[in-house]
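**Q** Sequence and predicted structure are below.
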Amino acid sequence: MNSYLVMTVLGPDRPGLVSSLAATVASHGGNWLESRMARLAGQFAGIVRIECPTASLDPLINELQAPGNSGLTVLAVREAAAAPVARRILVVDVVGNDRPGIVRELSAAVASAGGNIEELTTGLESAPMSGHPMFRAHGIVSIPENTETDVLTAAIECLGGDLTVDISL
């Protein structure tokens with residue numbers, strides 16, 4: 001019987017780090033199902049979902065969390081089966097002037113509209129003419145089946161007139 005793990009991995013980035021993690025998973029009979037990874041300020045940050053024989057879960061977790069594992073911090077959580085809920089998936093893009101608290105405001109607006117952030121990537125870029133820092137967010141948001149997309153758009157646009165919101169199915 002197989003079980004599932006969701007792991008977060010954080011540590012100093014280096015060549016071969018993902019290959020080493022994948023080899024460890026494979027050596028325990030695991031299958032790397034999906035992941036999101038990034039290099040931020042010289043650090044590797046990743047979240048990984050794996051499938052593994054139930055009997056191999058604890059040895060795999062122990063090996064990944066062993067002291068001296070290249071300075072990595074690994075947190076592993078066994079995946080719990082959740083009852084499916086009817087939700088629509090939307091792609092949300094937001095651009096506007098950067099300001100402190102904008103991610104907090106954006107996430108609160110999504111939640112107020114009944115939305116759940118499934119994925120979110122944020123960053124700063126320079127405005128074409130002025131060089132002023134512009135906030136950009138790209139995400140996947142799920143909303144209840146009976147919620148109109150206009151509710152989510154309005155909740156985000158209420159954060160300020162400088163924000164451009166684009167929502168697609």
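**A** Perfect, thanks for sending it. Since the model is a prediction, treat every value here as computed from it, not as a measurement.

**Q** For the residue positioned nearest the centre of the chain, give me its contacts.
**A** In the chain, the centroid-proximal residue (C-alpha atoms, centre = their mean) is Glu119; its distance is 4.6 Å. For Glu119, the contact set (C-beta atoms under 8 Å, 6 or more residues apart in numbering) comprises 36, 139-140. Where you see a C-beta, it was placed from the backbone N, CA and C, and this is true even at glycine.

**Q** Selecting buried members of these in PyMOL, what would you type?
**A** Burial among the contacts of Glu119 is assessed by 16 or more other C-beta atoms under 10 Å; the matching PyMOL selection reads:
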select buried, resi 139
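
**Q** Out of the contacts of Glu119, which sit inside strands?
**A** Among the contacts of Glu119, DSSP state E puts 36, 139-140 in strands.

**Q** I'd like the contacts of Glu119 written out as CSV, with distance to Ala111 and pLDDT added.
**A** Below are the contacts of Glu119 laid out as CSV (distance: C-beta to C-beta, whole Å; pLDDT from 0 to 100):
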residue, distance to Ala111, pLDDT
Arg36, 21, 95
Gly139, 13, 96
Ile140, 15, 97
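
**Q** got the contacts of Glu119 as a markdown table, with distance to Glu157 columns?
**A** Listed next are these as a markdown table, based on distance: C-beta to C-beta, whole Å:
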| residue | distance to Glu157 |
| --- | --- |
| Arg36 | 28 |
| Gly139 | 16 |
| Ile140 | 19 |
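
**Q** for the protein, what spans make up the strands?
**A** Going by DSSP E, the chain shows strands at 2-12, 31-40, 43-53, 73-78, 87-97, 116-126, 133-144, 164-168.

**Q** The shortest one: partners in the sheet, and parallel or antiparallel?
**A** Just to be clear, that refers to strand 164-168. Applying DSSP bridges, strand 164-168 is found paired with strand 87-97 (antiparallel).

**Q** what about the partner strand, average pLDDT?
**A** The pLDDT scores in strand 87-97 average 95.

**Q** Kindly report the same for stretch 61-72.
**A** Averaged across stretch 61-72, the pLDDT comes to 84.

**Q** quick one: terminal-to-terminal distance for it?
**A** 13 Å (C-alpha to C-alpha, to the nearest Å).

**Q** neighbouring contacts of it?
**A** Outside of stretch 61-72, the residues within contact range by C-beta under 8 Å, 6+ apart are 5, 7, 9-12, 14, 17, 20-21, 24, 28, 44, 74, 76.

**Q** What separation do you get for the residue nearest to the centre of the chain and Asn31?
**A** 22 Å (C-beta to C-beta, to the nearest Å).

**Q** Ok, Ala154 next?
**A** Ala154 is 42 Å from Asn31, by C-beta to C-beta.
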